[in-house]
Structures are given as structure tokens and as C-alpha cells.
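Asker: How does the following fold in three dimensions:
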Amino acid sequence: MNLSIGIDLGGTNIKAALVETASARTVATLSKPTRDGEFDGDTPRFALTVREIVQEFEAQAGQKLRVGLSAPGLANPNGHCIDWMPGRMHGLEKFHWSAFLERDCRVLNDAHSALLGEVWAGAAKDTQDAFMLTLGTGVGGAIWSGGRLLQGKIGRAGHLGHVTVDANAACDDFNTPGSLEDAIGNQTISQRGEGRYATTHALIDAYGAGDAHAAAVWLKSVKHLAAAIASLINVLDPEVVIVGGGIATGAGERLFGPLQQALDGFEWRPGGNQARIVPATLGDSAGCLGSVFNLLQHS
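Answerer: Residues are numbered from 1 along each chain as shown. Reported below is the predicted structural model:
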């Protein structure tokens, strides 16, 4: 059995999976706290935890294994480290994982990895062209084009939350005016909802219950999302568009119903060709599976 380890290093938890590479089958999983900000000497605590996880899986497998790791930030093109991640995940920038773990380790941005997981074993399986949006605190994204992941010159390709949907609005954290992230991400829910909703899920619940104010706020956000997706479809010509993340999880038809209705008005469909809009299917396991798939892509 050919096995590899997938690690999804997040700000709160480290999720890990032992994966059979021939079938994308998950053999075992682990989850441990990240403990961001803690160090043992000069070594971040999360790096030591990753090494413990690798040792635990290798003891189970009885062999030395390759490791795929996903994390926030811009991954170096050589796949050895995260080059840019300011403000959090202290110690992550320029941390050389292959040298630290003393084995082959390939590093990838977490949103890129989630899409690769969906391509390998989820909603975009057997496709050559797809893109993914993750709706959460912010809005992440990634692009699969012509059967390969688009990373760009410095690894910033696919930051789809930072496309403009209102050029007259204020700039977001990336200096993008009126971004999609500000239009639907949870971090602006207080501002958009005039303080009436603690979270986007609360907004969606109120919309589902027939609240007129909630409907106005939510449908405006979904309209911006549809406009962004229609624009990206014109740029990327995908077979499938995957919508995932914490906001999408559990929203069901309260998201996908009005989203599809808006796209019916916005999407250019020459010859009747229409991109499929689908929910992500792998949930928390997407990052681990995508990290392993990234390894296979560079074998």
C-alpha cells in the first residue's frame, strides 16, 4: 500500500490524515491544537506538533513517508516553505519544512490545497477547469485551469475574494476597492447588517424565517457573489464552480437558490453552455487530501 501524510496547518488546529495514494482513501486522521505564538527555543510549537504527527503515522505505517502540508500565506514556488504570512502563525514564514522534518515535504497555500482535494476526490473530480470560492471570515479561492493549479509568479493567484464588485466602496485589507470579501465575508457582517446579526449564519437564519431586513441584506450579498462568479466564468471558462467554507456549510438552498437565480441573469452562456455551481463535498478533509495530491503532482 502506497501511503502519504497530508497536513492542514490552520490557525487553531492542525488536521492530519494518513492517505492511500492509489485511491485517495483516508486510512487514519488526527487533529491537534496549533498553539500559535508558542515556541520551544526558536522552533514554533506547531512545527514540533507536525513532527510528532508524522512520527505517529509512520509508526502506524511501519515506513518512512512523504508529507504534503498546507498552510495560510503565499507558498514559495519551490514548495519548501510559506514565503509570506504576516501578523499570525508566528514562525511560519520561511520555515523550511523538508529540512526540519528530514524528509520530502511539499508546502502549498491552504485554499489551493482545498481545491486540489476537491479535484482529486470531491466536487471537481475528473474536471480540467474549475475554480473554488470559500466563504468564511474572509473569502478565499483557487483556480484549476487546463488540468493544473494556477499559482502565479509569487503564489498569489486565486485570491478570488479580492476582486472588485463595487469600485466606489472602501478598500479591503488587500487594498482592493469594494471587494467580494467585504461584500459577503463574515468579518463585515456587523456593518452590512447594521448590527442586527452576530454572524452570517444568524443573517441566513433570519432570511430563511422571512425577515424582510435580513432578506435585503443577504440577497444583496448573494448578488455581489453572483456578479463576481459570472465575471470569473468569463475569465476562466470553468466546467464547475465550487462554493465552500463555513458560510456555505449548512446554508443549502438559502445560498444556492438565490445564487443560481442571479446567475441566470448574469452568466454569459454561448451555445447554452453553463458552468455548474456546486457545494464543496470534502469539508475539513479537503486540505489534507489536497496536500497529498500536490505531492503526487510533483512526483
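
Asker: Show the end-to-end separation of stretch 54-69, please.
Answerer: End-to-end distance for stretch 54-69, by CA to CA, to the nearest Å: 11 Å.

Asker: whoops, I mixed them up, stretch 104-114
Answerer: 21 Å.

Asker: In that stretch, which residues are buried?
Answerer: By 16 or more other CB atoms under 10 Å, the buried positions in stretch 104-114 come out as 104-114. In this view, the C-beta of every residue, glycine as well, is placed from N, C-alpha and C.

Asker: Tell me the one of those nearest Lys94?
Answerer: Val107 (11.0 Å; CB to CB).

Asker: sec struct for the closest residue to Ala214 other than its chain neighbours, please.
Answerer: Excluding its sequence neighbours, the residue lying closest to Ala214 (CB to CB, 6 or more residues apart in numbering) is Ala206, at 3.6 Å. Following DSSP: H, G, I helix; E, B strand; the rest coil, the label given to Ala206 is helix.

Asker: same check, this time on Gly265
Answerer: Following three-state DSSP, the label given to Gly265 is helix.

Asker: oh, and call the first residue 71 from now on, that's how I've got it
Answerer: Yes, from this point I'll number from 71; that puts the last item at Gly335.

Asker: domains of the protein?
Answerer: With the TED database as the criterion, the domains of the chain are listed as 73-184+355-367, 196-350.

Asker: for those domains, which one sits closest to Trp190?
Answerer: Going by CB to CB, the one of those nearest Trp190 is domain 73-184+355-367, 4.0 Å.

Asker: quick one: terminal-to-terminal distance for the closest one?
Answerer: 15 Å.

Asker: Just want the most central residue of this structure.
Answerer: Ala181 (2.9 Å; CA atoms, centre = their mean).

Asker: that older thread, list the contacts for the residue nearest to Ala284?
Answerer: Contact partners of Ala276, counting by CB atoms under 8 Å, 6 or more residues apart in numbering, are 266-267, 283-284.

Asker: just the helices in the stretch 121-270 of the chain please.
Answerer: 167-171, 180-191, 250-254, 259-262, 270-278 (DSSP state H, counting those that start in this stretch).

Asker: Once you drop chain neighbours, what's closest to the residue nearest to the centre of the chain?
Answerer: Gly210 is the one closest to Ala181 (CB to CB, 6+ apart), at 3.9 Å.

Asker: Repeat that for Gly76.
Answerer: Spatial nearest neighbour of Gly76, excluding adjacent residues (CB to CB, 6+ apart): Cys358 at 3.4 Å.

Asker: Kindly report the same for Ile224.
Answerer: Leu144 is the one closest to Ile224 (CB to CB, 6+ apart), at 6.1 Å.

Asker: what bridges to that neighbour?
Answerer: Per DSSP bridges, the residues bridged to Leu144 are Trp154.

Asker: got a pLDDT number for it?
Answerer: Confidence at Leu144, expressed as pLDDT, is 95.
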